[in-house]
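1. Just a sequence and a predicted model for now, questions to come.
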Amino acid sequence: MNIDNQVSMPRIGDKAPSFKAVTTQGEINFPEQYADSWVILFSHPADFTPVCTSEFMTFASLEQQFEKANCKLVGLSVDGLYSHIAWLRTIKEKIEYKGMKNVEIKFPLIEDITMEVAHKYGMIQPGESSTKAVRAVFVIDPKGIIRAIIYYPLSLGRNFDELYRIIVALQTADAFAIATPADWRPGDDVIVPPAGSCGVASERMAGQQDMTCHDWFFCTKPIAKETVLNTILKK
Ligand code: BEZ
């Protein structure tokens, strides 16, 4: 927070703010220690709460899938380390939900009692709660740049298929210099960056037989699902 009492929040395209913190998996030096990976840094309001429990179980069950896409998960709440440890143990030992049981959360969960990290990342949004972090999601690339941000309120559990889709879509956009249209999934046509002026699209179409232009500013082309997945997923 600055002297005018205004909150500074990281934005897309910014370098992810650095911090060192204690987690359930030891100390981390963020984002430096994730230099070769994509990372999802996400906050939750509180340990031992139902929506958060459903989220952690879902995220943990998808961890391998994210790992194959070179994406690590890092959680945070303003609870302390011993609360985190007790909650994660309860999840593993006692909670059965939607076919998931014995779920072990292997990714680090940051303790942030001072709310230092939560404030750095704009996770404390007093209109929603001044004592709990909202459900924030920061997608950070291997260069430590914030590439996507989503904030959800306390009552709304996240859609983890969408978080995975974001990771795959951003990596595909980087690898093929394209953009991805609404609801894009691997195998769907991608958007060739806008030509920028009338007439250029038809010239480009002449050079690229597989491109379809719906108008001069809106051209798509296919990329096979296997091509996308072979490019971005670890073997
Ligand atoms: C929950 O995770 O269930 C929750 C946490 C804080 C406020 C409301 C719901």
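-> Received the coordinates, thanks.

2. Could you list the buried residues of the longest helix seen in the chain?
-> Using DSSP state H to define each element, the chain has its longest helix at helix 160-176. Neighbour-count burial for helix 160-176 flags 160, 163-173, 176 (criterion: 16 or more other CB atoms under 10 Å). (C-beta placed from N, C-alpha, C; glycine too.)

3. Also stretch 50-66?
-> Neighbour-count burial for stretch 50-66, with 16+ other CB under 10 Å as criterion, is recorded at V51, C52, T53, S54, E55, F56, M57, T58, F59, A60, E63, F66.

4. mean confidence score for that stretch?
-> Here stretch 50-66 scores 98 as its mean pLDDT.

5. Pull out the buried positions in the helix or strand just after the longest helix of the chain.
-> Using DSSP states H and E, the helix or strand that follows helix 160-176 in sequence is strand 190-192. For strand 190-192, burial by neighbour count (16+ other CB under 10 Å) applies to V190, V192.

6. Residues contacting strand 190-192, please?
-> Strand 190-192 is contacted by residues 172, 176, 178-181, 184, 204, 208, 211, 218-223 when judged by CB atoms under 8 Å, 6 or more residues apart in numbering.

7. Same list, the buried residues of stretch 50-66, but as a markdown table with distance to I91 and secondary structure please.
-> What follows is the buried residues of stretch 50-66, written out as a markdown table (distance: CB to CB, whole Å; DSSP: H, G, I helix; E, B strand; the rest coil):
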| residue | distance to I91 | secondary structure |
| --- | --- | --- |
| V51 | 13 | helix |
| C52 | 10 | helix |
| T53 | 6 | helix |
| S54 | 10 | helix |
| E55 | 11 | helix |
| F56 | 6 | helix |
| M57 | 6 | helix |
| T58 | 11 | helix |
| F59 | 11 | helix |
| A60 | 8 | helix |
| E63 | 14 | helix |
| F66 | 18 | helix |
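
8. Keep only those residues that also lie close to the ligand.
-> Subset of those in contact with the ligand: V51, C52, counting by CB under 6 Å from any ligand atom.
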